[in-house]
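**Student:** any chance you can model this:
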Amino acid sequence: MYLILAIDDEKHTLKLLETQIKKMGHSAVVASSGREGIEMARTGNPDLIILDIMMPYMDGFEVVKQMKKDEITRGIPIIMLTSKSKKEDVVTAMRHGAVDYIIKPHTYSMLTQKIDAALRIGRIQKLEEAAERTEHINISRGTGTTLISFKTGIKDREVLAEARKVFNAFFLKLVRNDNIVFDLRSLGEVDAEDASVLSVISGLFTGKEVNIVAGRHYGTLVSLVDFDESVRLHISFGDLEVYLNSSRR
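**Tutor:** Numbering: from 1, shown residues only. As a prediction, this is how the structure comes out:
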């Protein structure tokens, strides 16, 4: 059971979120303003926050900024709740530090998938004993997913050399039943050279589908490179979760 904080100025939305979160088997607490939400996050130590964007006095973006500056709250994953459905609006939410987004009005199924994805990835990242660390690439394995992220810019020559060494036949056999996920959310700016090297690295996973969670870099990657058919590009881990669930049917 996890503790989830919902922040929204609309009472009916808060009530709906509280009911749905409890139905999932988690505990729920709610706040009706950004300021109240920040204080509850600092004192209540929630595992996840669902945050509305359009709120008076302090909107969701400002709430995220303040939480990310605070040592107590900066590590709490935040899912943004928004009525804006354009990709550029969603990417803006990711740029502000959100891990995912939910479009209003949401369904119970969508909310469940987004929450499950955020919580599961959080668990994977905390599994230090399951993490294989290299100089430039981090590899974490758990719950049927191999999560790969980069410590430096992708285009560094050492990164590609390390990738060719690590992602060998033995490694591919080890992860043959895993979902392969590249997490690019923590990277700085991504340019054409980064995208080109990423395309080469993803191609090392011969015969396997590769999923890339791009976050704020989604638009950049779409415009810069035509990935192989085996590569799927997603904005968030929630989008990835939705895709994986639909592909299992």
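**Student:** worst-scoring helix or strand of this structure, pLDDT-wise?
**Tutor:** Taking mean pLDDT, DSSP states H and E as the measure, the chain has strand 131-133 as its least confident helix or strand, at a mean of 48.
**Student:** and the next element down the chain from it?
**Tutor:** strand 137-142 (DSSP states H and E).
**Student:** kindly export the helix or strand following that next one (C-alpha atoms) in CSV.
**Tutor:** Note on strand 137-142: by DSSP H and E, the next helix or strand toward the C-terminus is strand 145-150. The C-alpha trace of strand 145-150 is given here as CSV (Å, rounded to 0.1, in the frame of the first residue of the first chain):
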residue,chain,number,x,y,z
THR,A,145,12.0,-4.5,-16.9
THR,A,146,15.6,-3.6,-17.7
LEU,A,147,15.9,0.1,-17.2
ILE,A,148,18.8,1.9,-18.9
SER,A,149,19.9,5.5,-18.4
PHE,A,150,23.0,7.6,-19.2
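**Student:** and the angle from strand 145-150 to strand 137-142?
**Tutor:** When axes from the mean of the first three to the mean of the last three Cα atoms, to 10 degrees is applied, the directions of strand 145-150 and strand 137-142 differ by 160 degrees.
**Student:** ok, strand 145-150: who's next to it in the sheet?
**Tutor:** strand 137-142 (antiparallel), strand 179-183 (parallel) (DSSP bridges).
**Student:** deepest-packed of these, please.
**Tutor:** strand 179-183 (a mean of 20; mean count of other Cβ atoms under 10 Å). Bear in mind the C-beta positions are built from the backbone N, C-alpha and C, glycine included.
**Student:** contacts for that strand, please.
**Tutor:** 121, 144-149, 198, 201-202, 205, 208-213, 237, 240, 244 (Cβ atoms under 8 Å, 6 or more residues apart in numbering).
**Student:** distance from the chain centre to it, please.
**Tutor:** On the basis of Cα atoms, centre = their mean, to the nearest Å, strand 179-183 sits 11 Å off its chain's mean C-alpha point.
**Student:** could you point out which element follows it?
**Tutor:** Using DSSP H and E, the helix or strand that follows strand 179-183 in sequence is helix 192-202.
**Student:** can I get that following helix in PDB, CA atoms only?
**Tutor:** Below are the C-alpha coordinates for helix 192-202, written out as PDB (Å, rounded to 0.1, in the frame of the first residue of the first chain):
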ATOM      1  CA  ALA A 192      21.200  15.400 -33.700                       C
ATOM      2  CA  GLU A 193      24.400  13.700 -32.800                       C
ATOM      3  CA  ASP A 194      22.900  12.300 -29.600                       C
ATOM      4  CA  ALA A 195      19.900  11.000 -31.500                       C
ATOM      5  CA  SER A 196      22.100   9.300 -34.100                       C
ATOM      6  CA  VAL A 197      24.200   7.500 -31.400                       C
ATOM      7  CA  LEU A 198      21.000   6.500 -29.500                       C
ATOM      8  CA  SER A 199      19.700   5.000 -32.800                       C
ATOM      9  CA  VAL A 200      23.000   2.900 -33.000                       C
ATOM     10  CA  ILE A 201      22.800   1.800 -29.400                       C
ATOM     11  CA  SER A 202      19.100   0.800 -29.700                       C
END
